[in-house]
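[1] The sequence and its predicted three-dimensional model are supplied below.
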Protein chains: 2
Amino acid sequence: VPRYRLLVEYDGTPFAGWQRQADRPSVQAALEDAAAALTGAQVTVIGAGRTDAGVHASGQVAHLDLPRPFVPERLLGGLNAHLRPWPIAVIEARPAAGGFHARFGAIRRRYRYRILNRRAPPALERAWVWHVPVPLDLALMAEAARRLEGRHDFSSFRAAECQAASPVRTLERLCVQRHGAELWIEAAARSFLHHQVRNIVGTLERIGAGRLPLAGLRAILEARDRAAAGPTAPAAGLILMGVDYPAEPPAAPGR
Amino acid sequence: VPRYRLLVEYDGTPFAGWQRQADRPSVQAALEDAAAALTGAQVTVIGAGRTDAGVHASGQVAHLDLPRPFVPERLLGGLNAHLRPWPIAVIEARPAAGGFHARFGAIRRRYRYRILNRRAPPALERAWVWHVPVPLDLALMAEAARRLEGRHDFSSFRAAECQAASPVRTLERLCVQRHGAELWIEAAARSFLHHQVRNIVGTLERIGAGRLPLAGLRAILEARDRAAAGPTAPAAGLILMGVDYPAEPPAAPGR
């Protein structure tokens, strides 16, 4: 069966998250239903990042196996036609090697979290930012982020429901930068714990607002207790920017 | 009466435009109603750019006269509280000299038009872009834009309803640049004719798509006939980025 790799963009607002649920709309179900409508077969779509309810993506990667080969442009157009009611767009579709696995083959997930840091609420970017009206100290937040980079036990930043075997993760990159009235927190790692980015952002915000001392960050990490860290930042500010894979072997001829 | 200057951001989608209308929501009416609720007086809000139905702003400038002085932070907070149901935010409020007039004092309006130029429809930026799925030739469009810069009779790019006394305008800047999958067309002038930017964009798109020859642009201008140019680009792609004024005299002491 031919395997295809998709690059997918979505507005997470109306979804219970990436993963198919019995009774609520999900991005996975919308894609699977579109693929079923296009091919007449039941199709499973595997995504690289199982984004939570309300979390967006501009660079989600997924794979699916189809009952017969499709010209990639037809696959893209057909999926998008069937996705029309949903704020989901397949922006690239291409044949993938049979061994390609969107989730298990990924070597890096990249997220961005946007905080709108000004007194006035957002009129344009409502669905994409966390509005924090009190002034945040960028330098403090950037230093806190630097201290969280690297390999740590992130138990204090892990949701109770997290099913990962180990709370240890390596944050390859965590940085905070100003973009106009916004602060962008960018995080990259092979994988993340459940709510890890949002829990880190909730803690950075407390530090930036002067409500949590920078010097307390080490104790938060060492506590290995979710209650020690800041609150979970809202889902709307988070977007999965992209997923990286090892360089692919060249596709078989004729595809 | 103390005069205040506002910097206003809005999502134009739900509005019939800036200007107050008898029976449909407008940005001006929402602001005037918020000011009335805050002050208990009837207030007129004058905007620099009378944006059309569906056109957005991130930097609209307006002024209003209040029955009594307000601390600027209170004015900002109070207006935003009363604006809450609407996607409008006052992002700055400050005292203005009595002679300041948002509309007649403006020396430059700056607009951006965003075209999403890729096959897949937008999932994230639906409300803010015009989706053009056929590939556009950026170099051709940029050259066409360059030829429209300067002082011209823009009759061919002027809506039938336009009430300006003269069709002659000076485009100080008109440029086309790629930003990822988007083309941004940026236009600046002291003032614009009705639909001028959208009619120019509709014509640039035709040129970029190869449906109108670049060499035909001069004939379009010389025709002084709306029918000679391309169609009006959709409102959603247009945003008023900012309005410029001559350097203000220093505010009177004590304010």
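    Sure, I can see it.

[2] hey, where'd the strands end up in the stretch 1-150 of chain A?
    Taking DSSP state E, counting those that start in this stretch as the test, the strands found in the stretch 1-150 of chain A are A:3-10, A:45-47, A:56-65, A:88-96, A:108-116, A:130-131, A:150-153.

[3] do the shortest one and chain B meet?
    No - contact between strand A:130-131 and chain B is absent, the nearest approach being 9.7 Å (criterion: C-beta under 8 Å from any C-beta of the partner chain). (C-beta placed from N, C-alpha, C; glycine too.)

[4] Contact partners for the closest residue to A:R158 other than its chain neighbours?
    In this structure, A:R158 finds its nearest non-sequential neighbour in A:L193, 4.3 Å apart by C-beta to C-beta, 6 or more residues apart in numbering or on different chains. Residues in contact with A:L193 (C-beta atoms under 8 Å, 6 or more residues apart in numbering or on different chains) are A:154, A:157-159, A:162, A:164, A:167, A:169.

[5] out of those residues, which is most surrounded?
    Neighbour counts for those, by other C-beta atoms under 10 Å in any protein chain shown, peak at A:F157, which reaches 32 neighbours.

[6] shouldn't that one be in contact with A:V201?
    No - contact criterion C-beta atoms under 8 Å: A:F157 and A:V201 do not qualify, at 9.7 Å.

[7] So what's the residue count around A:D33?
    18.

[8] Against A:A89, how distant is the closest residue to it other than its chain neighbours?
    Excluding its sequence neighbours, the residue lying closest to A:D33 (C-beta to C-beta, 6+ apart) is A:H82, at 7.3 Å. A:H82 sits 12 Å away from A:A89, going by C-beta to C-beta, to the nearest Å.

[9] Let's see the longest strand seen in chain A as PDB, backbone CA atoms only.
    Using DSSP state E, we find that the single longest strand of chain A is strand A:168-179. What follows is strand A:168-179, C-alpha atoms only, in PDB (Å, rounded to 0.1, in the frame of the first residue of the first chain):
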ATOM      1  CA  VAL A 168      13.100  13.200  31.700                       C
ATOM      2  CA  ARG A 169      13.300  15.300  28.500                       C
ATOM      3  CA  THR A 170      16.000  17.300  26.700                       C
ATOM      4  CA  LEU A 171      14.900  20.800  25.700                       C
ATOM      5  CA  GLU A 172      17.100  21.500  22.800                       C
ATOM      6  CA  ARG A 173      15.900  25.100  22.600                       C
ATOM      7  CA  LEU A 174      13.800  27.300  24.800                       C
ATOM      8  CA  CYS A 175      14.000  31.000  24.100                       C
ATOM      9  CA  VAL A 176      11.900  34.100  24.600                       C
ATOM     10  CA  GLN A 177      11.900  37.000  22.200                       C
ATOM     11  CA  ARG A 178       9.900  40.200  21.700                       C
ATOM     12  CA  HIS A 179       8.000  40.700  18.500                       C
END
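
[10] From A:R103, how far out is the residue nearest to A:R158?
    15 Å.

[11] hmm, back to that, in CSV, list the strands of the stretch 1-150 of chain A along with mean neighbour count.
    Shown next, in CSV, are those (neighbours: other C-beta atoms under 10 Å in any protein chain shown):
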stretch, mean neighbour count
strand A:3-10, 23
strand A:45-47, 21
strand A:56-65, 23
strand A:88-96, 22
strand A:108-116, 22
strand A:130-131, 20
strand A:150-153, 13
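
[12] any chance of those strands in TSV, plus distance to A:E73?
    Formatted as TSV, the strands of the stretch 1-150 of chain A follow (distance: least, C-beta to C-beta, whole Å):
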stretch	distance to A:E73
strand A:3-10	12
strand A:45-47	19
strand A:56-65	16
strand A:88-96	8
strand A:108-116	27
strand A:130-131	38
strand A:150-153	43
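
[13] Which of those strands sits closest to B:L138?
    strand A:88-96 (19.0 Å; C-beta to C-beta).

[14] A:P133 is in contact with A:P122, isn't it?
    No - look at A:P133 against A:P122 with C-beta under 8 Å: they stay out of range, at 10.8 Å.

[15] ok, back up a step: helix or strand next in line after the longest strand of chain A, which one?
    Following strand A:168-179 in sequence order, the next helix or strand is strand A:182-189 (DSSP states H and E).

[16] Packing partners of the following helix or strand past that following strand?
    Going down the chain from strand A:182-189, the next helix or strand is helix A:196-208, by DSSP H and E. Helix A:196-208 is packed against strand A:108-116, helix A:138-148, strand A:168-179, strand A:182-189, helix A:217-223, strand A:238-244, with contacts defined by 3 or more C-beta pairs under 8 Å, 6 or more residues apart in numbering or on different chains; DSSP states H and E.

[17] Would you mind telling me which of the ones you listed is nearest chain B?
    strand A:238-244 (8.2 Å; C-beta to the nearest C-beta).

[18] coming back round to it: so can I have a markdown table of the contacts of A:L193 showing pLDDT and secondary structure?
    Shown next, in a markdown table, are the contacts of A:L193 (pLDDT from 0 to 100; DSSP: H, G, I helix; E, B strand; the rest coil):
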| residue | pLDDT | secondary structure |
| --- | --- | --- |
| A:F154 | 97 | coil |
| A:F157 | 97 | helix |
| A:R158 | 95 | coil |
| A:A159 | 93 | coil |
| A:C162 | 88 | coil |
| A:A164 | 90 | coil |
| A:P167 | 96 | coil |
| A:R169 | 97 | strand |
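
[19] Name the nearest of those residues relative to chain B.
    A:A159 (25.3 Å).

[20] if we can go back for a sec, can you check the pLDDT for the residue nearest to A:D33?
    For A:H82, the pLDDT comes out at 97.

[21] and it, what does it touch?
    A:H82 makes contacts with A:33-35, A:37-38, as judged by C-beta under 8 Å, 6+ apart.

[22] So A:P231 sits against A:G202, correct?
    Yes - using C-beta under 8 Å, A:P231 makes contact with A:G202 at a distance of 4.4 Å.

[23] Comparing these two, which shows the higher neighbour count?
    The residue with more neighbours, out of A:P231 and A:G202, is A:G202; 19 against 12, by other C-beta under 10 Å.
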